[in-house]
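Novice: Here is a sequence together with a model predicted from it:
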Amino acid sequence: MLQFYYLTIETAIANQSGAMEADTISKNGQSLKSLMSRGIKKLIFIMITVAVGLTTACDKENAIDENVAKMTMTTAKKGLVGFCLEGTGTAVINWGDGTNETTFMDGMTQHSHTYTNSTVRTITIIGDVTYLRCGYSPHTGDIFDNQLTALDISKNAALTFLECRNNQLTTLDVSKNTALSYLEFVNNQLTTLDVSKNTALNILACNHNQLTALDVSKNTTLTLLACDNNQLTALDVSKNTMLITLGIAVNLFEAEKLNALFQTLHSNTVTIDGYTYTKSIHMPYNPGTATCNPSIAEEKGWDVDR
């Protein structure tokens, strides 16, 4: 094909020159071939440059996508799944079965979807969500039975409120959610929890899980800590000088460990927005409940519920 292209050009030049000598034609042909060879090389160079440019553009687009605020949740439930959102701007909900929904987050909005079979699906929410409830609706009082097995909120740094009670979560990474002030995951299956990055936490409710240890030393603004019905054997709240309510019922605290916990309770008077709160600790059904010394806590102004 290229040979034909060369011959066509040579013929056209020959027709225009008429009496051009054969050696001149040959030289011109060689020049044209050389010119065409350089042209093809230039074309290949341009094509490579364009390809590199497109690849770079795609990489940039992917990088932008990586920075988009989003969260995902996984469920295999057949039937109704729902949650409540609040945030800024619009949110796009991909229900994982080809169904999409766009909502403007002007105040709290409730969303639900019904699945016809028990296929595993990943629900994706794209948008600057600051508030997520996927266990309970304050609008209707409904308890969502979402049966979530995974929840990824690592790409939504704006989140301040997360409630995901009554699911099947075994892990929950909140290390990127440093703005969280409310975290509740009651009735799941977590064995560990790291809240060392969540220094803005006011409320932490992790009842009915399988936690064996809990470090709240970085959560100095906690006012409520509910960790009942776990497998805790010790707890230090010496850094939690704003604490008002502490729940540790149905754990594995021996009397000695309960007394050690009482020693770490603060003796401050906690007043918030002009209201002074009564401090209380709820601790029934631990191995050491009956033989511990609650007066250690009571002398610091705590009501002790045994």
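Specialist: Thanks, I have it. Numbers count the residues shown, from 1 in each chain.
Novice: per-residue confidence at residue 25?
Specialist: Residue 25 carries a pLDDT score of 37 in this model.
Novice: what ranges do the strands span in the stretch 101-250 of the chain?
Specialist: If DSSP state E, counting those that start in this stretch is used as the criterion, the strands of the stretch 101-250 of the chain fall at 109-115, 121-133, 148-155, 161-163, 182-184, 203-205, 224-226, 245-247.
Novice: closest one to residue 86 among the ones you listed?
Specialist: Among the strands of the stretch 101-250 of the chain, the nearest to residue 86 by CB to CB is strand 121-133 (3.5 Å). (Glycine included, C-beta is placed from N, CA and C.)
Novice: quick revisit: reformat the strands of the stretch 101-250 of the chain into TSV and put mean neighbour count, distance to residue 190 and mean pLDDT next to each item.
Specialist: As requested, those are arranged in TSV below (neighbours: other CB atoms under 10 Å; distance: least, CB to CB, whole Å; pLDDT from 0 to 100):
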stretch	mean neighbour count	distance to residue 190	mean pLDDT
strand 109-115	15	25	94
strand 121-133	20	17	97
strand 148-155	19	11	97
strand 161-163	22	13	98
strand 182-184	20	11	98
strand 203-205	20	12	98
strand 224-226	20	14	98
strand 245-247	20	16	98
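Novice: quick one: contacts of the longest strand seen in the chain?
Specialist: In terms of residue count, the longest strand belonging to the chain (DSSP state E) is strand 79-94. Taking contacts as CB atoms under 8 Å, 6 or more residues apart in numbering, the residues outside strand 79-94 that touch it are 73, 75, 100-105, 107-115, 123-134, 137-139, 142, 144-146, 158, 161.
Novice: again, but for stretch 205-215
Specialist: Applying CB under 8 Å, 6+ apart, the set of residues contacting stretch 205-215 is 183-196, 224, 226-236, 247.
Novice: Let me see the domain layout of this structure.
Specialist: With automatic domain parsing serving as the domain definition, the record reports that the chain contains domains spanning 2-66, 132-305.
Novice: weakest of those domains in terms of mean pLDDT?
Specialist: Here these differ in mean pLDDT, and the lowest is domain 2-66 at a mean of 42.
Novice: Among the contacts of stretch 205-215, name the ones in helices.
Specialist: Residues from those lying in helices, with DSSP state H as the criterion: none.
Novice: Correct me if wrong, but residue 256 is in a strand.
Specialist: No: with DSSP: H, G, I helix; E, B strand; the rest coil as the criterion, residue 256 is located in helix rather than a strand.
Novice: quick one: pLDDT of residue 117?
Specialist: Listed pLDDT for residue 117 reads 95.
Novice: doesn't residue 97 make contact with it?
Specialist: No: in this structure residue 117 lies outside contact range of residue 97 using CB atoms under 8 Å: 9.3 Å.
Novice: between the two, which one's more packed in?
Specialist: Neighbour tally, residue 117 and residue 97, criterion other CB atoms under 10 Å: the higher count belongs to residue 97, 13 against 10.
Novice: Then the more buried one would be within a helix, right?
Specialist: No: the assignment for residue 97, made by three-state DSSP, is coil rather than a helix.
Novice: Next up, the contacts around it.
Specialist: Residues near residue 97 by CB under 8 Å, 6+ apart: 115, 119, 121.
Novice: How about the second one, nearest residue that isn't a chain neighbour?
Specialist: With sequence-adjacent residues excluded and distances taken as CB to CB, 6 or more residues apart in numbering, residue 119 is closest to residue 76, at 6.6 Å.
Novice: Sounds good, over and out.
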